[in-house]
Structure formats: C-alpha cells, structure tokens
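Visitor: this is the structure alone, sequence omitted:
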C-alpha cells in the first residue's frame, strides 16, 4: 500500500490510488483523542459479536479437541492428544481427505478453466454479453439446498432426466444410479458444484478482461500467435491478480465443502462421498463424539488457512507490481 | 455505476480479437459463438426451468412422469406447498431472520469499517486481524462448540439467537468490505469538515456515511442473499421448527415425504423465486458488489 507520510504531501498530490488509512497521522492530540473515543464506540458491536460468536467457540473447539465430550457430561475427561492420535490412525479420515483433495483439484480447476474460456468467448463476442452474464451468474445466488434437490432429480436412477436423456439418444447402457454408485457419487456431486461455481468465475474474469490491453493482443496476433498462445501468454498474465483471487476463493471453498454434499448424499453411499466436513458432522451430531468431531473440523482450518494466506500474498504482490486490478 | 454497455466499446471496436484483420468480416464465427453461448446458457438455466415446469404440472402428471416437462397445467402443487407444506410459515420465518440480520450487518460493518479505515488508535490492527480471521476459518470448525454455547446461553431455538449468529457471520466480510470502501474516499473531505468545526461523530454521520451509501447498498444486497440462502445456521440452531426458514424447511421436506415431487418443486420455487427476482432487479449491484468486495483489500 502507499505510505503517504505527511497529510500536506498527501493533499498536494491527488493521485487516485492513495489511501486515506493511517495517513492522518500526525494529527493534533485533541483530534486523536476524539478519534479514539469514537473508534472504540463504533467498533464495539462488531468486536462483541465476533468475540462471543466466533473467538469464544473457536477457543472452545481447541478445548473440545483435547477432551472426550459426549455433549451431556459437563466435566468431560481430559484425554490429551488422543483425539489427534485417533485422527491420524483413522482410515476414514484419510479417505475423506482424499475426497477433499479430489474436490479441491477438480472443483477448482474445472470452474477456472471453463470460466476462463467462456469469459474470453463472451469478451470477444459482439453483443448480448450482459444477458449471458446474468444467466451465468444466477446459480451463484441460488441456495445450495435448492441446487442439491434439483440435481438429485436430474440424477434420479429411475426417471431422472439424465438417464432419460441418455436413453433417448441411444446411450441407454450408460444409465445408472448416479448418486447411489460409490464410484460415481463424488463426481456426480462435484459436477453439480462445478455447475454452481463456474458462473461466478465467468463474471469476475469478464470484468478483469475489461482492463486487458487490446493493443498487446493485436500485436501478438500480427506476430503470428494463435488464439491459445494469445490467451496463455498475453491475456492471462494481464488478469493474473484477479485469476489468483478467484483461485483462492474456489480453493478455500473446496477445503471447507459441506452444504452440497450434505444435502445431496449426506456423505453416502457407504461414506463414498465423505469429506472432512461431513465426516466431522456425523461424528459430532450422529454418534455424539463431540470431541473427535471437533478435532476433525480443526484439521481443515489448519490445512486451509496457510494456503489462503500464501495465495493472498501472491495475489497482492502481483496486484502491486502489475495491473493494479 | 458503470453501465453494462461498458463492455461493448471494446467489443464493438474494429480491433476486437477474433475479428479478421484482412477486412473479410465473416458472420459465421459469431453465429457459432452465439450458438455455443446459448447452449451453455440453457444448460445453466435447465435446473430452474425443471423446477418451474414440475411445479406447474398437475399432481397426477407428476406421479406418472415425475421429471418430464409439463404437458398439463395446475397451481395445485403451489397451493399444497403453501398450506400443507407450511411454506407460508417458512417464508415468513425467512423474512424474520433475514431482514434484521441484514440491517445489523450493514450498520455494524459500516461503523467498524469506518473505524478500521479512518480512526487510528492503539490496538486497532489486532482487532482488525481478529475480525478478518473469520473470513479464513470455515464455519464448521466451530459450529459444534457454538451449539453447546448457544444452549447454555439459552439462545438455542430462539429467533434472537439465530439473528445474532447470522449477523456475526456476516461481519467479517462486511467490515472488510466497508473498510476498503472508506479507504478509497478522499481525506480532503474529512479535513475540510474538521476545519469547519465538525466533530468526529459528525464527520462520520454527515460526511462519510452518505458517501458510502452505494457500498452499504451493495453489502445489503449480498448479505441479504447470503442470509436468505443460509442453510446450516437454521438447521443446527433452530431445531424445534417454530422458526424454520425456507432453506432448512425445504431440506426437512425432502426427508419426510420424498415421493411428493410436486409440492417439493413448488417449495423449491417459493424458496428461489425471491432470490431470482432480487438478483434480476439488482444484478448490476450484485455483480459489481462482489467484484469490489473480492478484488479490493
């Protein structure tokens, strides 16, 4: 960020990128005191709610991970690291983590690739992009429950639309119970998630594409670059900060996937679609192993926070060096 | 805000990528593009169309041909969902949960965002990191302890408890968003007001907050969407069912009588219709708001 040291210097140069934050210093002591008083007052509701409904339960999560809590006993036994030990030895955890990994890789790569291609397609199409943009963004505002229910109908083994369509085009041999087949269920749910996520990527990337220097793209074309090369070497580097931002959002979402799997399969059939989120939920609320379930949930935070912080750093560095997007 | 036609100058310009630089304009590639985009748009809309068509079928037609497109027309499914399926109650509960929580998020986030952007004091940075940590930690990491905490506070299964949770859930993003918004406003305004003798509170209320109206509007729209669509908070913390909103009501409905596809479709339509209407009316604010919130900071 810019560091305008003196308010006079800041006032003299009306640069658009200048931030007001912190640049008020040094102010007269009277102003400082008044600002502190108002600041504490204004920030109080957020801090109270954040501490009570976020910091406190998060600290409690750490406590639950070292006790054997069944949800009833007010003085649960301290078990040290036993929950963590069990976690590393639990084959279901590794299975669920594997599903998380599949989800993260495919669930991030597919929306980004499809989103990039469609947004460039929209960008280079003469008219009607506003209408398409509304349509593509729509799934992003729909509630996960509704999406899960409707895709459940589409996948219905007997009269679902997908099987009917396959039969109609002579591919009847491919029909199956998409959500009931342990080998397929995860990918069926994933396809729904990709359907729901891609529009968001399209809209964000499309806005980033507005800032792309078309002269450079044309120059590359004159130099004989084919469309793929132009996309990879000319367009993509220019939208990289935004691309990384979308990558971060999708990736972190992939770590903490819960809603859509919970709604569509509940982790089944036979744990086939379990991720750490659904497994933690079933341990805590279905078999009342609160301590263990909480430990599992902590694992995701430990894994996802560093990734998010790293990607965010990278995005900021590129933003400052590059397009300023 | 910018109009959606901002795309067009670049797109309409002769230098457009994909245009033939040799002057031989061929319309065919554009038709191909539109055909491809149309197929993608239909694929995107298909589930919504399926909900609408299933809702509008007669119950008999749904029984015979549950997922085909409608050939009969009836509003019976909507009537059933509304009365027997209790979706009228769920809709009312959704409003009771979403409207206050959205107002609180916008109000508190604006206050805190202004502080973090404009009112320096010792310890401010640490407080900001605590708030922003909420953006990184997934909800289910602490949803289990939260359940027992609410129970001991007597807030489990109360409207107040759920509203407070929906509010606090939106504050991390809201504060982050409003802080970025206030940071971009020029310092000169504030200094001028101070020279004119305005107090710090007056500067906030009379000068800065009116300027942040568009940011507050954008935040209100997607906080509303997020809280309306929130699934886990009502499911976990309103287990009794008295205050069940549309999302968890819909989920409960699938478990009970899974064969009643008609009313289920109607319930789904009742759940998504307000969101779709709001989105279509305010789509520019929604997408712009997402962009501003996501790209800044």
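Guide: Noted; the coordinates are in hand. For clarity, every value in this text was computed on a predicted model and none was experimentally measured. Numbering: from 1, shown residues only, chains lettered A, B, ... in the order given.

Visitor: of all residues in the stretch 201-325 of chain A, which one is closest to chain B?
Guide: residue A:256 (3.4 Å; Cβ to the nearest Cβ). Where you see a C-beta, it was placed from the backbone N, CA and C, and this is true even at glycine.

Visitor: what pLDDT is listed against the spatially most central residue of chain A?
Guide: In chain A, the residue lying closest to the centroid (Cα atoms, centre = their mean) is residue A:253, at 2.6 Å. On the pLDDT scale, residue A:253 is placed at 79.

Visitor: show the contacting residues for it.
Guide: Shown in contact with residue A:253 (Cβ atoms under 8 Å, 6 or more residues apart in numbering or on different chains): A:107, A:197.

Visitor: make sure it is indeed in a helix.
Guide: Yes - when DSSP: H, G, I helix; E, B strand; the rest coil is applied, residue A:253 is found to be in a helix.

Visitor: how near is it to residue A:307?
Guide: According to Cβ to Cβ, to the nearest Å, residue A:253 stands 12 Å off from residue A:307.

Visitor: can you count the residues close to residue 33?
Guide: Using chain A here. Each residue near residue A:33 was counted by other Cβ atoms under 10 Å in any protein chain shown, and the total is 13.

Visitor: ah, I was thinking of chain B
Guide: A total of 17 residues lie near residue B:33 under the criterion other Cβ under 10 Å.

Visitor: ok, now the one 5 residues further on?
Guide: Number of residues near residue B:38 (other Cβ under 10 Å) recorded here: 13.

Visitor: what pLDDT does the model give it?
Guide: Confidence score, pLDDT, at residue B:38: 91.

Visitor: how about residue A:8?
Guide: pLDDT, residue A:8: 33.

Visitor: again, but for residue B:70
Guide: On pLDDT, residue B:70 comes in at 74.

Visitor: mind checking the SS state of it?
Guide: coil.

Visitor: thought it was touching residue B:53?
Guide: Yes - here residue B:70 reaches residue B:53: they are 4.4 Å apart, a contact under Cβ atoms under 8 Å.

Visitor: following element in sequence after the helix or strand of chain B with the lowest mean pLDDT, please.
Guide: Every helix and strand in chain B was compared by mean pLDDT, DSSP states H and E; the lowest is helix B:7-12, with a mean of 40. Moving toward the C-terminus from helix B:7-12, the first helix or strand encountered (DSSP states H and E) is helix B:28-55.

Visitor: which of the residues in the very next helix or strand once past that next one are buried?
Guide: Downstream of helix B:28-55, the next assigned helix or strand under DSSP H and E is helix B:59-64. Buried positions in helix B:59-64, judged by neighbour count with 16 or more other Cβ atoms under 10 Å in any protein chain shown: B:59, B:61, B:62.

Visitor: can you list the buried residues in the next helix or strand after helix B:59-64?
Guide: The element immediately downstream of helix B:59-64 (helix or strand, assigned by DSSP H and E) is helix B:76-83. Neighbour-count burial for helix B:76-83, with 16+ other Cβ under 10 Å as criterion, is recorded at B:76, B:77, B:78, B:80, B:81, B:82.

Visitor: and the strands in the stretch 1-150 of chain A?
Guide: For the stretch 1-150 of chain A, the strands defined by DSSP state E, counting those that start in this stretch cover A:67-68, A:77-78.

Visitor: dump the ones you listed to TSV, plus mean pLDDT, mean neighbour count and distance to chain B.
Guide: TSV is the format used below for the strands of the stretch 1-150 of chain A (pLDDT from 0 to 100; neighbours: other Cβ atoms under 10 Å in any protein chain shown; distance: least, Cβ to the nearest Cβ, whole Å):
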stretch	mean pLDDT	mean neighbour count	distance to chain B
strand A:67-68	88	18	11
strand A:77-78	87	10	16
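
Visitor: which residues touch the residue of the stretch 201-325 of chain A closest to chain B?
Guide: Residue A:256 is in contact with A:277, A:300, A:304, B:138, B:139, B:140, counting by Cβ under 8 Å, 6+ apart.

Visitor: residue A:313: which of the residues you listed is nearest?
Guide: Distance to residue A:313, by Cβ to Cβ, is smallest for residue A:304 among these, at 15.0 Å.

Visitor: what strand or helix carries that closest one?
Guide: For residue A:304, the host element (DSSP H and E) is helix A:290-321.

Visitor: so which bits of that helix are buried?
Guide: Those would be A:290-301, A:304-305, A:307-308, A:311-312, A:314-315, A:318-319, for helix A:290-321 by 16+ other Cβ under 10 Å.

Visitor: give me the domain ranges for chain B.
Guide: As recorded under automatic domain parsing, the domains making up chain B are B:33-74, B:89-249+B:275-294.

Visitor: so the first one, near chain A or not?
Guide: If I follow you right, that is domain B:33-74. Yes - using Cβ under 8 Å from any Cβ of the partner chain, we find that domain B:33-74 touches chain A at B:33-34, B:36-37, B:40-41, B:43-45, B:47-48, B:50-51, B:54, B:65-68.

Visitor: how far away from the center of its chain is that domain?
Guide: Centroid separation between domain B:33-74 and its chain, computed with Cα atoms, centre = their mean, to the nearest Å, is 25 Å.

Visitor: and residue A:310, what does it touch?
Guide: Counted by Cβ under 8 Å, 6+ apart, residue A:310 has zero contacts.

Visitor: distance of it relative to residue B:52?
Guide: Separation of residue A:310 from residue B:52 (Cβ to Cβ): 44 Å.

Visitor: could you list the low-pLDDT ranges of the chain?
Guide: Going with chain A. Judged by pLDDT under 70, chain A has its weakly predicted residues at A:1-27, A:128, A:320-325.

Visitor: think we crossed wires, I meant chain B
Guide: Under the criterion pLDDT under 70, the flagged ranges of chain B are B:1-29, B:66-68, B:255-259, B:290-297.

Visitor: regarding it, what is its longest helix?
Guide: When chain B is parsed with DSSP state H, its longest helix is helix B:87-118.

Visitor: counting contacts, what elements does the very next helix or strand once past that one pack onto?
Guide: Sequence-wise, the next helix or strand downstream of helix B:87-118 (DSSP H and E) is helix B:124-136. Helix B:124-136 sits against helix A:29-50, helix A:290-321, helix B:87-118, helix B:159-183, with contacts defined as 3 or more Cβ pairs under 8 Å, 6 or more residues apart in numbering or on different chains; DSSP states H and E.

Visitor: can you pull the contacts of residue A:166?
Guide: For residue A:166, the contacting residues are A:172, A:174, A:175, by Cβ under 8 Å, 6+ apart.

Visitor: and the closest residue to residue A:167 other than its chain neighbours, how far from chain B?
Guide: Distances taken as Cβ to Cβ, 6 or more residues apart in numbering or on different chains put residue A:175 closest to residue A:167, at 6.1 Å, once the chain neighbours are dropped. Residue A:175 sits 13 Å away from chain B, going by Cβ to the nearest Cβ, to the nearest Å.

Visitor: distance of the residue nearest in space to the middle of chain B relative to chain A?
Guide: Per Cα atoms, centre = their mean, the C-alpha nearest to the average position across chain B is that of residue B:225, at 2.2 Å. Plainly put, residue B:225 is 5 Å away from chain A if you go by Cβ to the nearest Cβ.

Visitor: okay, and that residue sits in which element?
Guide: With DSSP H and E as the test, residue B:225 turns up in helix B:213-229.

Visitor: residues in contact with that helix: which ones?
Guide: By Cβ under 8 Å, 6+ apart, the residues outside helix B:213-229 that reach it are A:141-144, B:1, B:94, B:97-98, B:101-102, B:105-106, B:109-110, B:166, B:170, B:174, B:177-178, B:181, B:209, B:245-247, B:274-275, B:278-279, B:282, B:285-286, B:288-290, B:292-293.
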